[in-house]
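J.: Need coordinates for the following:
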Amino acid sequence: MAALVAACKVGPTFTPPKEPVPDHYSGAAAKASNDHASASASAAEPHSFWWQEFHDAELDDLEQRAAAGNLDLKAAYMRIVEARMQVVAARAQGLPSLDAAASINREQLGLAGILKSKGISTGSTAAGGTASAGTAQLLSSLEAPVNIYQLGFDASWELDLFGKVRRAVEGAEAQSAAAVEARNGLLVSLEAEVAQNYFQLRSGQMLRQIALELIAAQREVVDLTNDRHLHGLAGEADVESARGQLSNLESQLPAYDQTIATSKHALAVLTGQTPEALDAEFTAARELPVLPAVIPIGLPSSLARRRPDIRGAEDSLHAATAQVGVSVASLFPNVSLSGTFGLRNTGTRYLFDWASHYYTFGPKVSIPIFQGGALVANIRLSRAEEVEAALNYRKTVLSALQDVEDGLTALQADALRTAALKDTVAADQRAYDIDLNAYRHGIMSYLNLLTVNIQVVQARQQLADVLLTQSTDLVKLYKALGGGWESAPAAAGSGEHGDGPASGTGSTGGTGSTGGTGVIGGNLP
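T.: Numbers count the residues shown, from 1 in each chain. As a prediction, this is how the structure comes out:
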């Protein structure tokens, strides 16, 4: 009967939720027509390490350095360790406990006062005669202070008949799994932030290079206008306008330098270094990486297994469900076994004599009768928290679907804007070349040339901005798809990010969110 009772666990049994999702993403059919802007969505499984799709070795290196050195990520490792120690502590509640104790106390029993209160003199018998020498000696020894030496062991074991401890362990394991997923989500966000700052850096360099090219071209225009002015073919106003446009272009360089510097500082801190650590790197100006032609996005049904926040919300729901079982088990009797064994004597000489031993042993049953409604209130509270966790899980799934759909829509709009701006830049540049040639031959005023020049500058800057927006929107889409935490990238090598998130078999340990060697299976910070 005890074995049958021990096999039961009160409370609901957790079943992984299955939130209904659409068969496909509505924005998956969006395509662009321009070569740089074109990026068609594919139903193939998304790439886990999406940054490698940009084929940029410096970006790959930054991602690895950030995964190995980011301080927030290392703190997340410690939170996983803390959560797993909570599991150990919860599991220990269902195991027998054994304590050892040793003590020495000096006691005065106060027997003389007790005997005196009964009308008995320590120097005479109860009948008024003289006490025997032995009796007097005994009473005298009992009145004297004594030293009590004691050695003992206490053992107790709370029998988990109704699954209270097992539900507590189940909830702690779910919380530990949620800590793993929180770390995975932090890693995904970190990878996206590194890529966005890297693209911001390259965009600043690209804009600065454009400004330098425009400044060089405008200097030629200033020299040409000065020459025309010396020959009486242009007025002084044209010269000042040309110089003003040159100064305007040169005034943009400090802003681009600031963007480049702040991006380097952000990347350095993300990789766990001081802000100036990367100042000597990435000095060569480079354009933004070319976007991949095809973006695998998978199916909505697989999103719940890829997004750490969805997985974490499921673990939180699991923990809340287990807590209901803990609360329900509090209504049932609590049965425990306890025992004590020790040695006690007034002298060390006879302390280890078998005649000095003592022991107690027996079961204890505690039945809750009246707690002022606290136990029932705890059950209702646990059930309310379970419902809240279920609603939060559903909201997380819907938000994840929205993130993907918004990302696809943004990429489609970016692609159309990029294609249109490329045509605008090409047309404005051709118009500027034609007008500049006409200005050199004296058949066009500088005012018309200046107008076209401003249009070229604005169009090129707008194109650079939209290319940056397109790249960052693609990073947001990759982040929304939830990749980057499952296992090591092919070229990552070894280390904390080389063989999984911490040199283990992966953040989920292969067989479960806390199985295998897990996140803390390798070198911890």
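
J.: CA atoms for contacts and neighbours, from now on please.
T.: Noted.

J.: name the helices or strands packed onto the helix or strand residue 383 falls within?
T.: Here residue 383, judged by DSSP states H and E, is contained in helix 374-440. Contacts defined by 3 or more C-alpha pairs under 8 Å, 6 or more residues apart in numbering; DSSP states H and E place helix 374-440 against helix 308-329, helix 446-481.

J.: Save those helices as CSV, and put in distance to residue 248, mean pLDDT and mean neighbour count too.
T.: Below are the helices and strands packed on helix 374-440 laid out as CSV (distance: least, C-alpha to C-alpha, whole Å; pLDDT from 0 to 100; neighbours: other C-alpha atoms under 10 Å):
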stretch, distance to residue 248, mean pLDDT, mean neighbour count
helix 308-329, 47, 95, 26
helix 446-481, 10, 90, 21
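
J.: List the strands paired with the longest strand along the chain, with their directions.
T.: Of all segments of type strand in the chain, defined using DSSP state E, the longest is strand 146-159. With DSSP bridges as the test, strand 146-159 is paired with strand 97-107 (antiparallel), strand 334-345 (antiparallel).

J.: Give me the distance from the next helix-or-strand element following that strand to the chain's centre.
T.: Toward the C-terminus, strand 146-159 is succeeded by helix 164-230 as the next helix or strand (DSSP H and E). Centroid separation for helix 164-230 versus its chain: 19 Å, with C-alpha atoms, centre = their mean, to the nearest Å.

J.: Do me a favour and average the pLDDT over helix 164-230.
T.: Across helix 164-230, pLDDT averages out at 93.

J.: Kindly report the same for stretch 431-443.
T.: On average, stretch 431-443 scores 86.

J.: Surely residue 95 and residue 157 touch.
T.: Yes: under the contact definition of C-alpha atoms under 8 Å, residue 95 touches residue 157, with a separation of 6.5 Å.

J.: quick one: contacts for residue 260?
T.: Residue 260 makes contacts with 200, 201, 202, 204, 205, as judged by C-alpha atoms under 8 Å, 6 or more residues apart in numbering.

J.: now do 7 Å
T.: When the contact criterion is C-alpha atoms under 7 Å, 6 or more residues apart in numbering, the partners of residue 260 are 201, 204, 205.

J.: What residues sit buried inside stretch 382-397?
T.: 382, 383, 385, 386, 389, 390, 392, 393, 394, 396, 397 (16 or more other C-alpha atoms under 10 Å).

J.: Looking at these, which two lie furthest apart in space?
T.: Greatest spatial distance among those (C-alpha to C-alpha): 382 and 397, at 22.6 Å.

J.: what's the spacing between residue 205 and residue 246?
T.: 19 Å (C-alpha to C-alpha, to the nearest Å).

J.: What of residue 275?
T.: Distance from residue 275 to residue 246, by C-alpha to C-alpha: 33 Å.

J.: what does residue 8 give?
T.: In terms of C-alpha to C-alpha, residue 8 sits 83 Å off from residue 246.

J.: any idea whether residue 291 is helix, strand or coil?
T.: The three-state assignment at residue 291 reads coil, by DSSP: H, G, I helix; E, B strand; the rest coil.

J.: Just give me the neighbour total for the closest residue to it other than its chain neighbours.
T.: Nearest residue to residue 291, sequence neighbours excluded (C-alpha to C-alpha, 6 or more residues apart in numbering): residue 54, at 6.2 Å. Using other C-alpha atoms under 10 Å, residue 54 has 15 other residues around it.

J.: In contact with residue 94, which residues?
T.: Taking C-alpha under 7 Å, 6+ apart, one finds 158, 160, 165 in contact with residue 94.

J.: hmm, 8 Å instead?
T.: 157, 158, 159, 160, 165, 166.

J.: pLDDT weak spots in this structure?
T.: 1-7, 29-40, 112, 120-136, 138-139, 141-142, 487-525 (pLDDT under 70).

J.: still on that earlier bit, buried set for the longest strand of the chain?
T.: 146, 148, 149, 150, 151, 152, 154, 156, 157, 158, 159.

J.: Pipe the strands paired with strand 146-159 into CSV and attach mean neighbour count per row.
T.: Output for the strands paired with strand 146-159, formatted as CSV (neighbours: other C-alpha atoms under 10 Å):
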stretch, mean neighbour count
strand 97-107, 12
strand 334-345, 18
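
J.: can you tell which of the ones you listed is closest to residue 226?
T.: Here strand 97-107 is closest among those (C-alpha to C-alpha), at 95.7 Å.

J.: just checking, next helix/strand downstream of the closest one?
T.: helix 111-117.

J.: helices or strands up against that next one?
T.: helix 133-143.

J.: just to revisit the earlier point, tell me the contacts of the residue nearest to residue 291?
T.: 289, 290, 291, 292.

J.: Now do residue 175: how many residues are near it, please.
T.: If we define neighbours as other C-alpha under 10 Å, then residue 175 has 24 of them.

J.: surely it meets residue 315?
T.: Yes: contact status for residue 175 versus residue 315: in contact at 6.6 Å, counting by C-alpha under 8 Å.

J.: who's the residue lying closest to residue 346 once chain neighbours are set aside bridged to?
T.: Spatially, and ignoring its direct neighbours in sequence, residue 346 is nearest to residue 148 (4.5 Å; C-alpha to C-alpha, 6+ apart). For residue 148, the beta-bridge assignment (DSSP bridges) gives partners residue 105.

J.: and residue 279, how far is that from residue 263?
T.: In terms of C-alpha to C-alpha, residue 279 sits 10 Å off from residue 263.

J.: just residue 463 next, same as before
T.: 20 Å.

J.: Could you do residue 376 as well?
T.: With C-alpha to C-alpha as the criterion, residue 376 and residue 263 are 56 Å apart.

J.: These two: which has the busier surroundings?
T.: Neighbour tally, residue 376 and residue 263, criterion other C-alpha under 10 Å: the higher count belongs to residue 263, 23 against 15.

J.: Might one say that that one is in contact with residue 201?
T.: Yes: assessed by C-alpha under 8 Å, residue 263 is found in contact with residue 201 at 5.4 Å.

J.: if we can go back for a sec, can you redo the contacts of residue 94 as TSV with distance to residue 417?
T.: Shown next, in TSV, are the contacts of residue 94 (distance: C-alpha to C-alpha, whole Å):
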residue	distance to residue 417
157	71
158	69
159	69
160	65
165	60
166	58
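
J.: tell me the two of those that are most distant?
T.: 157 and 166 (14.5 Å).

J.: Surely residue 47 and residue 483 touch.
T.: Yes: taking C-alpha under 8 Å as the definition, residue 47 is a contact partner of residue 483 at 6.9 Å.

J.: out of the two, which sits in the more crowded spot?
T.: Neighbours of residue 47 and residue 483, each counted by other C-alpha under 10 Å, are more numerous for residue 483; the result is 23 against 18.

J.: contact partners of the helix or strand hosting residue 240?
T.: Assessed by DSSP H and E, residue 240 sits inside helix 236-251. Residues from elsewhere that reach helix 236-251, judged by C-alpha under 8 Å, 6+ apart: 211, 214-215, 218-219, 221-222, 225-226, 229, 446-447, 450.

J.: do the same with stretch 371-380
T.: 324, 327, 328, 330, 331.

J.: Pick the one among those residues closest to residue 258.
T.: Among the contacts of stretch 371-380, and counting by C-alpha to C-alpha, the member closest to residue 258 is residue 324, at 54.8 Å.

J.: who's in contact with the closest one?
T.: Residue 324 neighbours (C-alpha under 8 Å, 6+ apart): 11, 12, 379, 382, 383, 386.
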